[in-house]
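1. Just need the structure, nothing else, for what follows:
(one chain, ligands or ions: 1)
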Amino acid sequence: MRAATARTDLSPPLSGDTPPNSAASKGVLESNMATFVKVAEVSEVPPGRVKVAVVGNQRIAVCNVGGTFYAIDDQCTHDYGPLDQGELEDHVIECPRHGARFDVRTGAALSMPAVVPVKTYPVRVEGNAVLVAVEA
Ligand code: FES
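-> Below is the predicted model:
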């Protein structure tokens, strides 16, 4: 995947002089490989907290680690546990079902019983909006 900040020349800006019914006015930005979708207001996800966003049929856990946002699939790779219900401590989230731990920065599985990484998504913050890149 290309850099999360990549945009096509046709992509309109997110704020400012955005046309009222454009994709950008609806919280959507497109890049060459992905579409950035607004998933939360910054204030909705305080440091150390997780918020689930549903984008299409994907449940994405948006994590705030000391003011930096990360996004991962909200589904444990061991047995589909809801990661947003687990504890987030620093950059590590623990699955509430059997205790597998994942690095929300990379998706890496850090402890058993999970051995497969969880999917991560590029994140950017535009003003007060948290945007996650999902494949179009
Ligand atoms: S479902 Fe997450 S550790 Fe088993």
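2. Could you use CA atoms for every contact and neighbour count after this?
-> OK.
3. Which residue, other than its chain neighbours, is closest to the most centrally placed residue in the chain?
-> The centre of the chain sits closest to A71, judged by CA atoms, centre = their mean, with a distance of 2.5 Å. With sequence-adjacent residues excluded and distances taken as CA to CA, 6 or more residues apart in numbering, A71 is closest to V62, at 4.5 Å.
4. so who does that neighbour touch?
-> By CA atoms under 8 Å, 6 or more residues apart in numbering, V62 lies in contact with 39, 45, 50-53, 69-72.
5. Mind doing that once more with 7 Å?
-> Taking CA atoms under 7 Å, 6 or more residues apart in numbering as the criterion, V62 is in contact with 50-52, 69-72.
6. One more: P82?
-> Taking CA under 7 Å, 6+ apart, one finds 74-76, 95 in contact with P82.
7. Go again with 8 Å.
-> So, once contact is read as CA under 8 Å, 6+ apart, P82 ends up touching 74-76, 95-96.
8. how close does it get to A136?
-> According to CA to CA, to the nearest Å, P82 stands 24 Å off from A136.
9. ok, now V92?
-> V92 sits at a distance of 28 Å from A136 (criterion: CA to CA).
10. quick one, which of these two is more surrounded?
-> Higher neighbour count among V92 and A136: V92, with 20 against 10, using other CA atoms under 10 Å.
11. For this protein, list the residues in contact with the ligand, please.
-> Applying CA under 6 Å from any ligand atom, one finds that the chain approaches the ligand through 76, 78-81, 95, 97-100, 113-114.
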